[in-house]
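[1] show me how the following folds:
(2 chains)
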Amino acid sequence: EGQWSPDNLEGDKVYDKDFLMAARNLPMSRVKPNIPDILDNSSDNRQRQS
Amino acid sequence: MSTNSIETENEKNEQITEQVEVPAMDYAIKHPLQNAWTLWYYEHDRSQVWENNVKEIASFQTVEDFWSLYNHIKPASELKQGNDYSLFKRGIKPMWEDAANKRGGRWLLCLDRKQRNQELDRYWLDVILCLIGEAFENSEEICGAVVNIRGKGDKVGIWTADWNNTQAVLEIGKKLKERLHLPGRTQLGYQIHDDVMAKNSSVTKYSYTV
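    As a prediction, this is how the structure comes out:
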């Protein structure tokens, strides 16, 4: 029932663009996952390529 | 601040924690998505059969884990020509043959070459945000989305489960057009996968348009 929140764990997990964009640069949104080198967008990788 | 007041503060916090029964910390901070999603990468390599070139990159099920991935991978506009990104609900392969896609089709946005620099990445991100944020009333019909980087023009496709579910297909198409802020002259067309497969020419008819 209703929107998900920490107090309503059974709610729908629906997020609009503004909400999602606001989370983009949170510390927890900047943890580097395991990705192949060829798709790595990090700056040192770019320098190697150029 | 004296030691006393810090202790009082700590006690207060403990009380609050007990009162609202805050769930496990990870859960309280990260925002879970309705579905788990998997990002795939297709690397064009003529020496391999098509299936071998489709590679699973990562899966995520929270808003923050999505951004952690997106913030660290190359944008679509920097992929080599002939390559793709796909984002599908976990368990669905980005292929026509997958059981979830067999009866389906795609809403197709065709871009011209000069849009790669300015608009492709925005369109692709907006599509992703519609998917993971569950923007559609018929979101159970959504299978995933694909961006194709191609010399003759890039493409973004949003794959749905059943081309025959007209009402759902049209709702998704209209919502996409609105959320992507497509100019009125830009048409979205819906192609049935079976038609794309059967057709030898590069042009497949649109079964619906919005």
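[2] flag every residue of chain A that's near chain B.
    Proximity of chain A to chain B is confined to A:4, A:6-7, A:9, A:12-17, A:19-21, A:23-26, A:28-36, A:38-42 under the rule CB under 8 Å from any CB of the partner chain. Heads up, the C-betas are built off the backbone N, CA and C, glycines and all.
[3] which ones among the residues you listed map onto helices?
    A:Lys17, A:Phe19, A:Leu20, A:Met21 (DSSP state H).
[4] most neighbours, which of the residues you listed?
    A:Leu20 (20 neighbours; other CB atoms under 10 Å in any protein chain shown).
[5] hmm, back to that, in ChimeraX, select just the buried ones from the residues of chain A next to chain B.
    Typed into ChimeraX, the next command selects the buried ones out of the residues of chain A next to chain B (criterion: 16 or more other CB atoms under 10 Å in any protein chain shown):
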select /A:4,13,14,15,20,23,26,28,29,35,39,40
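[6] end to end, how far does stretch B:178-196 reach?
    This stretch, stretch B:178-196, spans 26 Å end to end (CA to CA, to the nearest Å).
[7] roughly how far does the residue in chain A that chain B sits nearest to sit from B:Arg179?
    Closest residue of chain A to chain B, CB to the nearest CB: A:Ser29 (3.4 Å). Noted for A:Ser29: a distance of 21 Å to B:Arg179, by CB to CB, to the nearest Å.
[8] confirm B:Trp40 sits in a strand?
    Yes. According to DSSP: H, G, I helix; E, B strand; the rest coil, B:Trp40 belongs to a strand.
[9] tell me how many other residues crowd it.
    So B:Trp40, with other CB under 10 Å, has 19 neighbours.
[10] okay, now the spatially closest residue to it that is not a sequence neighbour: neighbour count?
    Using CB to CB, 6 or more residues apart in numbering or on different chains and skipping residues adjacent in sequence, the residue nearest B:Trp40 is B:Ser86, 4.1 Å away. Using other CB under 10 Å, B:Ser86 has 24 neighbouring residues.
[11] so the residue of chain B found nearest chain A versus A:Asn25, what's the distance?
    As assessed by CB to the nearest CB, chain A sits closest to B:Trp67 within chain B, at 3.4 Å. Applying CB to CB, the value for B:Trp67 to A:Asn25 is 8 Å.
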